[in-house]
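**Student:** sequence plus predicted model, see below.
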Amino acid sequence: MWMQRFSQAIYAIGLGAISLVQPGMVAAQYVPFKVQINGGLCDSGPSPSSNPSITIDGDSTFVVTSILIKRGPMNPVDFMFLSVNTVSIDGTSFDTRTGNLFGPIGGEFAVLQAADIMGMPVRQTGMTSGPGGNVPHEIVAEGPGPADIHVQLFCRSDNRSMNIATILVAGWKLRAGHVTVTYSPGQ
């Protein structure tokens with residue numbers, strides 16, 4: 001419903017805000033936002049794998065254009081897999097299994113690699129990405145209710161615990177709207 005209104009709107013782009021105007025409607029001003037939080041445990045070394053998650057919740061309609069993840073420092077031989085399993089939007093779950101978000105770090109012990117999951121290719125077979133679909137480049141969420149956007153990750157680290165250092169979510173929200181981001185750790 002929001003997308004129909006959005007596609008029929010007349011855009012008036014100002015300094016850092018977008019006004020959506022339709023006949024008979026009051027202009028809704030959307031402004032850029034970013035929320036940065038600390039991550040946490042992605043997977044503990046002895047466990048087979050874990051499914052941590054990122055939940056993005058707003059109190060009104062908003063658009064997410066970036067979900068940037070920075071992993072914590074670790075020994076490169078302990079890193080196995082970090083990928084996206086599913087993305088749920090307003091209660092509807094989409095299977096968006098990707099390949100690894102990060103490649104091997106080539107012997108660097110302190111590299112804090114980062115990747116934006118938006119637009120990542122959905123893997124076709126095994127742990128490789130191939131031609132085909134992508135995680136959405138933008139996600140519009142309606143706002144009312146909990147867990148407007150829920151991203152479930154897949155983590156595997158065989159010897160040592162793997163951590164996510166930071167998560168940064170960015171996009172557009174109503175000027176008076178609020179967006180929160182939470183990270184639920186793996187096992």
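**Tutor:** Everything's here; your move.

**Student:** is it true that residue 48 touches residue 156?
**Tutor:** Yes - Residue 48 is in contact with residue 156 according to Cβ atoms under 8 Å; the separation is 7.3 Å. Bear in mind the C-beta positions are built from the backbone N, C-alpha and C, glycine included.

**Student:** how many other residues sit next to residue 165?
**Tutor:** 16 (other Cβ atoms under 10 Å).

**Student:** actually residue 95, not the one I wrote
**Tutor:** Residue 95: 9 surrounding residues under other Cβ under 10 Å.

**Student:** could you do residue 148 as well?
**Tutor:** Applying other Cβ under 10 Å, we find 25 residues neighbouring residue 148.

**Student:** same check, this time on the one 5 residues further on
**Tutor:** Neighbour count for residue 153, taken as other Cβ under 10 Å: 25.

**Student:** state the pLDDT value of residue 128.
**Tutor:** Residue 128 carries a pLDDT score of 57 in this model.

**Student:** before we move on, back to that, neighbour-wise, which of residue 48 and residue 156 wins?
**Tutor:** Neighbours of residue 48 and residue 156, each counted by other Cβ under 10 Å, are more numerous for residue 156; the result is 18 against 8.
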